[in-house]
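Asker: Structure of the sequence below:
(one chain, ligands or ions: 2)
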Amino acid sequence: MPADGFRALLAVWPRLPAEEVDIDQAVGRCLAADVAAPEDLPPAPRACMDGYAVQARDLFGASESLPAYLELAGSVAIQRPPDFLLEPGTCAAITTGGWLPAGADAVAMVEHTQDVGGGTVEFRKPLAPFENVMLQGEDASAGSPALTAGTRLRAPQIGLLAALGLPRASVGRLPRVAILSTGDELVPAHEAPPPGRIRDVNAHALAAMCREAGALPTRLGIVPDETPALSSALSSALAEYDVVLLSGGSSVGARDCTVAAIGNVPGAQLLVHGVAVSPGKPAILARSGDKAIVGLPGQVTSAQVVMHVFILPFLRHLAGRRDAFAPVRGRPAVLARNVASRHGREDWLRVSLEERPGDPPGQPPLAHPRLGKSGLLRTLLQADGMVVVPASREGLNAGEAVEVLPLSGGENA
Ligand code: AMP
Ligand code: MG
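Answerer: Numbering: from 1, shown residues only. Ligands and ions are numbered 1, 2, ... in the order given. Below you'll find the predicted structure:
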């Protein structure tokens, strides 16, 4: 299946149900529904700075050489709305955040004024109407959507919810992800492997990636390369988790049991076996109700690349993220050498970046592809990011402008 077809399948998967959380627990979560503002924010026009509330037209033409003079009509307390009306030709002392008296439409900065005594204030600058005023409803207007479904909550959004008096938010549930490693050669990472065997890398690396993407991973251990054992491990994982990630056993060798094991799970339906992507061709996708079974290649780098490219966006989508599969903008770079690729296959190159001494500031760095040996961790350890060769291209040329996508699941998470 083409990489875009695989993405399209994942992008329409039913999202997880919503849950209500305290806004202090909501950072990184995605809104499950639009949030309408219950009231205007600010609730009334407020001063942006310390100074004097005025009618802007009273300061028309005011300057250093020809100041305007207004009568001081009162002073606005920060904790109370003013109980007086601002008449033409008058001003009121106000502090940052104070509500403007009715009749006032601008605030003169205290630095541009002088209290000349006798209840008179001098103004040395003109003002436009609404200058230095936070308008009523400028942050959110009562009844209209203040935030839309699928928005990831960060500090500004959480601040807005607090300002609107909404201490709880309805957010998508976080995906619970089971991780199974398959392979007769694997031993748990804390054990010393006998000759011929290796430690289970993927379970830990995949769990780390899930966490970076905000999902809730559980490692369920190592399953031998036997179809019945894998079927029963899969069935029990499906009973409890939203997504089951399997690593290894996903290609077509004698010891590759994933497809057969899925076939034995009642109600499970194989959707994809093989994606036109490199590394990561043997990827598998199956569904059991709304639950997803993902078969990843065993090769450590291939497994992580498939996670980055498809499965982390999928986990974000499940958690309610809008546009989880929207293209991410990468860091501009220049490809250091020609790279060949097959038409129809999407290639993900791990690249390391080199800033060239002597280049003018702002010149993009060189991106060096780190090719091959997807069984080694090295290509990812040395990489500063990834560059994609789209399926429509037969390679990229040395000197070509490319975008380097971050490898960390964190910030784009
Ligand atoms: P497979 O996809 O099962 O054919 O595995 C491909 C390669 O990845 C083999 O060399 C496996 O030993 C290796 N491999 C599979 N699973 C893991 C794992 N969990 N940790 C480290 N290497 C693995
Ligand atoms: Mg294997």
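Asker: which residues does the residue in the stretch 201-350 of the chain positioned nearest to ligand 2 contact?
Answerer: Residue nearest to ligand 2 within the stretch 201-350 of the chain: residue 248 (3.7 Å; Cβ to the ion). Backbone N, C-alpha and C define where each C-beta goes, glycine included. Residue 248 sits next to 181-183, 186, 202, 258, 296-298 when contact means Cβ atoms under 8 Å, 6 or more residues apart in numbering.
Asker: Show only the entries of those found in strands.
Answerer: Secondary structure assignment by DSSP state E places 181-182, 186, 296 of the contacts of residue 248 in strands.
Asker: Go ahead and measure how far the strand or helix carrying residue 316 is from the middle of the chain.
Answerer: Assigned by DSSP states H and E, residue 316 belongs to helix 312-318. When distances are taken as Cα atoms, centre = their mean, to the nearest Å, helix 312-318 is centred 10 Å away from the chain's centroid.
Asker: before we move on, back to that, now the residue of the stretch 201-350 of the chain closest to ligand 2, nearest residue through space, not along the chain?
Answerer: Closest residue to residue 248 apart from its sequence neighbours, by Cβ to Cβ, 6 or more residues apart in numbering: residue 298 at 3.3 Å.
Asker: ok, now how distant is the one you found from residue 249?
Answerer: Per Cβ to Cβ, to the nearest Å, residue 298 is found 7 Å from residue 249.
Asker: on that earlier part again, now the helix holding residue 316: mean pLDDT?
Answerer: Averaging pLDDT along helix 312-318 yields 98.
Asker: which residues sit against it?
Answerer: Residues outside helix 312-318 that contact it (Cβ under 8 Å, 6+ apart) are 7, 10-11, 13, 15-16, 30, 172, 175, 177, 209-210, 212-215, 242-243, 292, 294, 324-325, 409, 413.
Asker: Tell me the residues on the stretch 201-350 of the chain that lie near ligand 2, please.
Answerer: Residues of the stretch 201-350 of the chain lying close to ligand 2 (Cβ under 5 Å from the ion) are 248-249, 298.
Asker: which one of the residues you listed is nearest residue 369?
Answerer: Distance to residue 369 across these (Cβ to Cβ) is lowest for residue 298, with 23.0 Å.
Asker: pLDDT wise, what is the closest one at?
Answerer: The model's pLDDT for residue 298 equals 95.
Asker: mean confidence for the helix or strand following the helix holding residue 316?
Answerer: Where DSSP H and E defines the elements, the next helix or strand beyond helix 312-318 is strand 331-335. Averaged across strand 331-335, the pLDDT comes to 96.
Asker: what does strand 331-335 rub up against?
Answerer: For strand 331-335, the external contacting residues (Cβ under 8 Å, 6+ apart) are 351, 353, 364-367, 369, 385, 387, 396-404, 406.
Asker: just how off-centre is the helix ranked longest in the chain within its chain?
Answerer: In terms of residue count, the longest helix belonging to the chain (DSSP state H) is helix 227-240. Relative to its parent chain, helix 227-240 has a centroid offset of 32 Å by Cα atoms, centre = their mean.
Asker: Which positions within that helix qualify as buried?
Answerer: Within helix 227-240, the residues scored as buried using 16 or more other Cβ atoms under 10 Å are 227, 230-231, 233-235, 237-238.
Asker: Tell me where the model's unsure across the stretch 201-350 of the chain.
Answerer: For the stretch 201-350 of the chain, applying pLDDT under 70 flags no range at all.
Asker: could you pull out the helices for it?
Answerer: For the stretch 201-350 of the chain, the helices defined by DSSP state H, counting those that start in this stretch occupy 202-212, 227-240, 258-264, 300-306, 312-318.
Asker: what about those, which gets the closest to residue 91?
Answerer: Taking Cβ to Cβ, helix 312-318 is the member of the helices of the stretch 201-350 of the chain nearest to residue 91, at 52.3 Å.
Asker: quick revisit: which one of the contacts of residue 248 sits closest to residue 265?
Answerer: Using Cβ to Cβ, residue 258 is the member of these that sits closest to residue 265, with 10.9 Å.
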